[in-house]
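Undergrad: Sequence first, then the predicted structure, then my questions.
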There are 2 protein chains.
Amino acid sequence: MEFKVNSKELEKLLSKVIPAVPTRTPMSILENFLFEIKDGLLNIYATDLEISLKSSISVVADENESFVVQAKLLYEIVRSLKETTIHFTLTPSKKVNLVTDFGKYSLSYLDATEFPNLQTFEDDKEMNEVTINGNDLKNAFDKSSFAMSKEEMRPAMMGTLFEFSDNGLRFVTTDGHRLVNLLYKNVKSVFNNSYVVPERAVSVLSRILDEKDVRIRMNKAYMSFKLNDIELITRLISQKYPDYASVIPLENELTLKVNTKELLDSIKRMMLFSTSTTKRVKFSIKEKEIEISAEDLDLGASGEEKVSCEFSSDSLEIGFNCAYVQDVLSHLTSEEEIIFKLHSATKAVIIEPVQKKENIDIIMLLMPVRLNS
Amino acid sequence: MEFKVNSKELEKLLSKVIPAVPTRTPMSILENFLFEIKDGLLNIYATDLEISLKSSISVVADENESFVVQAKLLYEIVRSLKETTIHFTLTPSKKVNLVTDFGKYSLSYLDATEFPNLQTFEDDKEMNEVTINGNDLKNAFDKSSFAMSKEEMRPAMMGTLFEFSDNGLRFVTTDGHRLVNLLYKNVKSVFNNSYVVPERAVSVLSRILDEKDVRIRMNKAYMSFKLNDIELITRLISQKYPDYASVIPLENELTLKVNTKELLDSIKRMMLFSTSTTKRVKFSIKEKEIEISAEDLDLGASGEEKVSCEFSSDSLEIGFNCAYVQDVLSHLTSEEEIIFKLHSATKAVIIEPVQKKENIDIIMLLMPVRLNS
């Protein structure tokens, strides 16, 4: 079996599929690509059993054939070549030979049957479908993925909630300390359903999304993201997502308006002073000014700064985890000014942009921490 | 005690001295800066006991004082501030207060007496001295430092040899597998002496050298590098450097001329195929062409390429450690063509530029490895 392919085109193709190859796995077969030559098309697959990626190009081939080859090694070889034509040949001794004008390289291959079976979406009838712009989807992930939980105790919170409804498409992430709730009002669907997409699918998609439209299809167990020339299929997390709406306070009557960058810069400095275990930072809010302070007793260091604000009340003292405030603010830097909606020193705080957007609602939630005072 | 300093000027000053602060040390006092206010000058010192750095600026101060303060924390604080004036105050409770227009920060300090004594070069009479351009010195380090040994068994080889003579200033590095010998003919000195400078001094100097002249002073135990506004003093390695001249073969009569980049690109690809333990690559040299090949039996992968050349003999087979060839070639990429001078498959190979420079002689040496054939 022989086929020919341009080295730079193959490099591009492999670079799209390799993100699904796990870097550390006890199942060494997953460190491979599945090559499938079928009717003049070369399909390349990779999977870690949670997600799979597939991409294709046309090739000149003399017959149909599938085989499995070491992903990282092949990618490194192809990437190191100048632009040239690579002639692939499979030999009876289970070698793939790559021949170019100036070199010859040989790798072992395995039979395609050794590769795990891959989920497909061709014949599924219980399927829902929606289309979203790639940049919009990437933006949703960029703004929300930081708040996904890393705790394996609650598997659903380790993913991102996709909630389709008449209101639009809502993305929710939370680890119990922070929550992001982002609604795209203009992504309309004919169905009302929720799905929890695992972190790995989100992080791989973030790397490969561009301005082109994405066709999302889903059934109860899987979701497919079809980009221009690449398809990602992910398992869905089957555990129920926590009731996020019940934790968003409706009666936070105190408003605090601040400049996002000014507050973030101050928080970054306070990170240097907050104790590494608690990371506590204290906000002493007055009508026109927040005094922000932190103290690291181990280092014998402390810092305090003043940041101007507009507060709707007289005074309030509230503590936060400095790292969580920094996370939230650094994902709102596109907003010049933000509003904190507060009730008391122990109740969840809502943070949202002052300037609302027509098609996107975004709110973030932050749990305060207790002050020793 | 009080003094004032501009935050950006202080940041620049600290950034110059902080490279001497060790990142991991059992002696926590070394994680500090020594601040010395003396007659309107702020001198800041850092040391890891092998090297020390000192830099200075003018400040407005009300008296002379010295103290010791956490290097990394202070640097991070100062770096995170916008341009502003910082008022430093020492309090009786052993705190340094930093006050700016919008914030107040407080750190613990220690007495200057806790800081190790630092070597100075003011009164030494057995001192030699030479001046060299900063970029020339940096270039010498860039070209040669990779070949310093990491083996603690032979301490001298863990440094760079500075050999001052009538010929000029020669730099030598070797780990027994590779050797770099670089002579600056136009750096003349009135003395004939050799010194071995430790790796850490070389790597820190590489980071801070620029186009300005460097005044090098030395006695038997220490060497000082005085740049414009910064002084590095390093201990010298007292062990004798091996007799490098005796290992450079004089009678390598076979010459092999190749294009540096072509060979390097090929070697980089062969790195993918060479067994990770031996990293062996084989050169089968013919009159007009080298066949370069490597094989990784563990991965079941192999590669071979042809690179054109001009060889002064019929044929020679010789093996190298692929990583060492890559190291040598990647430090000769400023040369379009290089010459390998060979004698046999077991004798050290000399590699040098085809195009000689007027003031700089550079040769590299590479030991071959045995081929199983």
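TA: That came through, no problem.

Undergrad: The stretch 1-150 of chain A against chain B: which residues are in contact?
TA: Residues of the stretch 1-150 of chain A lying close to chain B (Cβ under 8 Å from any Cβ of the partner chain) are A:70, A:73, A:76-77, A:80-82, A:95, A:102-108. Heads up, the C-betas are built off the backbone N, CA and C, glycines and all.

Undergrad: Widest-spaced pair of those residues?
TA: A:K82 and A:S108 (24.9 Å; Cβ to Cβ).

Undergrad: These two: who's more crowded?
TA: Between A:K82 and A:S108, counted using other Cβ atoms under 10 Å in any protein chain shown, the more crowded position is A:S108 (15 against 10).

Undergrad: Can you say which helix or strand has the more buried one in it?
TA: Using DSSP states H and E, A:S108 falls within strand A:103-111.

Undergrad: The next helix or strand after that strand pairs with which strands, parallel or anti?
TA: Next helix or strand after strand A:103-111 toward the C-terminus (DSSP H and E): strand A:128-133. Here the strand partners of strand A:128-133, with direction, are listed using DSSP bridges: strand A:213-218 (antiparallel).

Undergrad: Off-centre distance for the strand it pairs with?
TA: Centroid displacement of strand A:213-218 relative to its chain, using Cα atoms, centre = their mean, to the nearest Å, is 16 Å.

Undergrad: What subset of the residues of the stretch 1-150 of chain A next to chain B is buried?
TA: Using 16 or more other Cβ atoms under 10 Å in any protein chain shown as the burial test, the residues of the stretch 1-150 of chain A next to chain B include A:70, A:73, A:77, A:80-81, A:103, A:105-107 as buried.

Undergrad: Relative to B:K212, which of the residues you listed is nearest.
TA: Nearest to B:K212 among these, with distances taken as Cβ to Cβ, is A:S80, at 39.5 Å.

Undergrad: Which residue is the nearest non-sequential neighbour of the closest one?
TA: Leaving aside its sequence neighbours, A:S80 sits nearest to B:R269 (Cβ to Cβ, 6 or more residues apart in numbering or on different chains; 4.7 Å).

Undergrad: what pLDDT does that neighbour get?
TA: Predicted confidence (pLDDT) for B:R269: 95.

Undergrad: So what does A:S194 have for phi and psi?
TA: phi -120, psi 150 (degrees, to the nearest 10).

Undergrad: From chain B, how far off is it?
TA: 42 Å (Cβ to the nearest Cβ, to the nearest Å).

Undergrad: Touching, that residue and A:E163? I think so.
TA: Yes - here A:S194 reaches A:E163: they are 4.7 Å apart, a contact under Cβ atoms under 8 Å.

Undergrad: quick one, which of the two is more surrounded?
TA: Ranked by neighbour count (other Cβ under 10 Å), A:S194 and A:E163 place A:E163 first, with 20 against 14.

Undergrad: Can you tell me which helix or strand of chain A has the lowest average pLDDT?
TA: In chain A, no helix or strand scores lower on mean pLDDT, DSSP states H and E than strand A:60-61, which sits at a mean of 88.

Undergrad: helix or strand right after that strand?
TA: As assigned by DSSP H and E, the chain's next helix or strand after strand A:60-61 is strand A:65-70.

Undergrad: quick one: the helix or strand following that following strand to chain centroid distance?
TA: For strand A:65-70, the succeeding helix or strand toward the C-terminus, using DSSP H and E, is helix A:71-80. Centroid separation for helix A:71-80 versus its chain: 26 Å, with Cα atoms, centre = their mean.

Undergrad: repeat for stretch A:168-179
TA: On Cα atoms, centre = their mean, the centre of stretch A:168-179 falls 13 Å from that of its chain.

Undergrad: Quick check: buried residues in it?
TA: Neighbour-count burial for stretch A:168-179, counted by 16+ other Cβ under 10 Å, picks out A:168-175, A:177-179.

Undergrad: From those, pick out the ones that also neighbour chain B.
TA: Among those, no residue lies close to chain B (Cβ under 8 Å from any Cβ).

Undergrad: Now do the domain split for chain A, please.
TA: What automatic domain parsing lists as the domains of chain A is A:2-114, A:128-246, A:249-366.

Undergrad: quick one: which of the ones you listed is nearest B:K341?
TA: Evaluated with Cβ to Cβ, the domains of chain A place domain A:2-114 nearest to B:K341, the distance being 25.5 Å.

Undergrad: Over to that closest one now: how far is its first residue from its last?
TA: By Cα to Cα, to the nearest Å, the extent of domain A:2-114 from end to end equals 21 Å.

Undergrad: re the thing from before, what sits up against the least confident helix or strand of chain A?
TA: Contact with strand A:60-61 is made by A:1-4, A:37, A:40, A:42, as judged by Cβ atoms under 8 Å, 6 or more residues apart in numbering or on different chains.

Undergrad: pLDDT weak spots in the stretch 51-200 of chain A?
TA: Counting by pLDDT under 70, the stretch 51-200 of chain A has low-confidence residues at A:123-125.

Undergrad: Tell me how far stretch A:42-60 lies from the chain's centre.
TA: Relative to its parent chain, stretch A:42-60 has a centroid offset of 20 Å by Cα atoms, centre = their mean.

Undergrad: Return the set of buried residues in it.
TA: A:42-48, A:50-56, A:59.
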